[in-house]
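Peer 1: below are the sequence and a predicted model; questions follow.
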Amino acid sequence: MTLIESRTSSNPAAAQADRRRRWPLPSTVTAAVVVLVLLVVAAVAPALLAPYDPYAINLDAVLSPPSWAHPFGTDLSGRDLLSRIIYGTRQSLEIGLGAVAIASVLAVLLGIAAGLSSGIARALANRWIEVMFAFPTVLLGLLLVSVFGPGPTTLVFAIGIGIAPGYARIVRGQVLAVRNAPYVEAATAIGHPRSRILFQHIAPNALRPMIVTVTLGIGQAIIWASGLAYLGLGVPPPAPEWGALLDAGRTYITVAWWLEIFPGLVIVVVALAFTTFGRYLGSRLEGIKR
């Protein structure tokens, strides 16, 4: 044993610091990254992970419990549940990303308008944020579905509009804090145009927290989409979207528990992965800022 190894083994703090140098990510963040990598692979190339065709009907294996042949069991048509979950990743992720994208665009527009404008424009932006923040996402989903019918596009807009007010409040608060910063006042004093001050000074600093918010919001949007789909407001069958799988399995929960448990576990694990990675990203950005 070398001198360095002996010192490391006798000093727990030094051993922990040495492990951090070798692999700087905490174990929970590492697990979250692994889950997110598998999520990307499942969305881009599901055939690499899925053992069966997700739409292949096998009447000899109807409602088969979990086994070596079918680790997550089969559904009412004998389709492999694991394969359907893997193939449903792309659509579930698209719904989450689309909803967060819509929410982010609305939040930036409304947050900047509420933080920088004055008079009627500012009052309207603030009132819209407050009214929509108090409007439940489920009711908004019911309203949009009743008008446009169920489907992934309706789901994306319902969730995006529903979560946008929360994002807008974050942007508005950051804009109000940044607009009075010394560097903004200095840029105003030397005669920089308002557009340059907005895009060069206010927007980059005010929108930095949105990076973390968007990361956390993807998991939240997937949960909302699954919840609305569970109520029958999402993607119609036989699409293997995760919420649709929950909706299809609730009728048989007493005789085929795996139809609810495994899709639900996948949704929870993915949401936790996004939340864990988002919090870690936020702490890193905060450290860089300091």
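Peer 2: Nice, I can see it.

Peer 1: so which helix or strand of this structure has the lowest pLDDT on average?
Peer 2: Least confident helix or strand, the chain: helix 3-10 with a mean of 48, by mean pLDDT, DSSP states H and E.

Peer 1: all helices for this structure, in order.
Peer 2: 3-10, 12-22, 27-44, 81-87, 89-116, 120-133, 137-148, 152-178, 182-189, 194-197, 203-206, 208-230, 242-249, 258-289 (DSSP state H).

Peer 1: and of the ones you listed, who's closest to D53?
Peer 2: When these are compared by Cβ to Cβ, helix 81-87 sits nearest D53, at 6.9 Å. Quick note: C-beta positions are derived from backbone N, CA and C, even for glycine.

Peer 1: the closest one: how far from the chain's middle?
Peer 2: 20 Å (Cα atoms, centre = their mean, to the nearest Å).

Peer 1: ok, now stretch 271-281?
Peer 2: 9 Å.

Peer 1: run through who's touching it.
Peer 2: Outside stretch 271-281, the residues within contact range by Cβ atoms under 8 Å, 6 or more residues apart in numbering are 25-26, 28-29, 31-33, 35-36, 39, 211-213, 215-216, 218-220, 222-223.

Peer 1: right, and L81 touches W258 too?
Peer 2: Yes - when contacts are counted by Cβ atoms under 8 Å, L81 is listed as touching W258 (6.6 Å).

Peer 1: any residues in contact with both of the two?
Peer 2: What both L81 and W258 touch, as defined by Cβ under 8 Å, 6+ apart, is the set 72-73.

Peer 1: let's have the helices of the chain in TSV, adding mean neighbour count and distance to P236.
Peer 2: Listed next are the helices of the chain as TSV, based on neighbours: other Cβ atoms under 10 Å; distance: least, Cβ to Cβ, whole Å:
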stretch	mean neighbour count	distance to P236
helix 3-10	11	59
helix 12-22	11	49
helix 27-44	15	21
helix 81-87	24	15
helix 89-116	22	12
helix 120-133	15	28
helix 137-148	16	11
helix 152-178	21	10
helix 182-189	13	50
helix 194-197	12	46
helix 203-206	18	40
helix 208-230	22	10
helix 242-249	25	7
helix 258-289	18	16
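
Peer 1: so which of those comes closest to Y52?
Peer 2: Nearest of the helices of the chain (Cβ to Cβ): helix 81-87, 4.3 Å.

Peer 1: in TSV: the helices of the chain, plus distance to A61.
Peer 2: What follows is the helices of the chain, written out as TSV (distance: least, Cβ to Cβ, whole Å):
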stretch	distance to A61
helix 3-10	54
helix 12-22	46
helix 27-44	23
helix 81-87	11
helix 89-116	23
helix 120-133	47
helix 137-148	34
helix 152-178	29
helix 182-189	65
helix 194-197	63
helix 203-206	55
helix 208-230	25
helix 242-249	16
helix 258-289	13
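
Peer 1: mind checking those helices for the one nearest to Y55?
Peer 2: Of all those, helix 81-87 comes closest under Cβ to Cβ, at 8.3 Å.

Peer 1: output the contacting helices and strands for that closest one.
Peer 2: helix 242-249, helix 258-289 (3 or more Cβ pairs under 8 Å, 6 or more residues apart in numbering; DSSP states H and E).

Peer 1: what sits up against it?
Peer 2: So helix 81-87 is contacted by 42, 46, 49-54, 70-75, 240, 242, 245, 258-259, 262-263, 266 (Cβ under 8 Å, 6+ apart).

Peer 1: so what's S67 up against?
Peer 2: Contacts of S67 (Cβ under 8 Å, 6+ apart): G73.

Peer 1: how far away is it from T74?
Peer 2: Distance, S67 to T74, by Cβ to Cβ, to the nearest Å: 9 Å.

Peer 1: contacting residues around the nearest residue to L25 once chain neighbours are set aside?
Peer 2: Nearest residue to L25 in three dimensions, chain neighbours excluded: V33, at 7.0 Å (Cβ to Cβ, 6 or more residues apart in numbering). For V33, the contacting residues are 25, 273, 277, by Cβ under 8 Å, 6+ apart.
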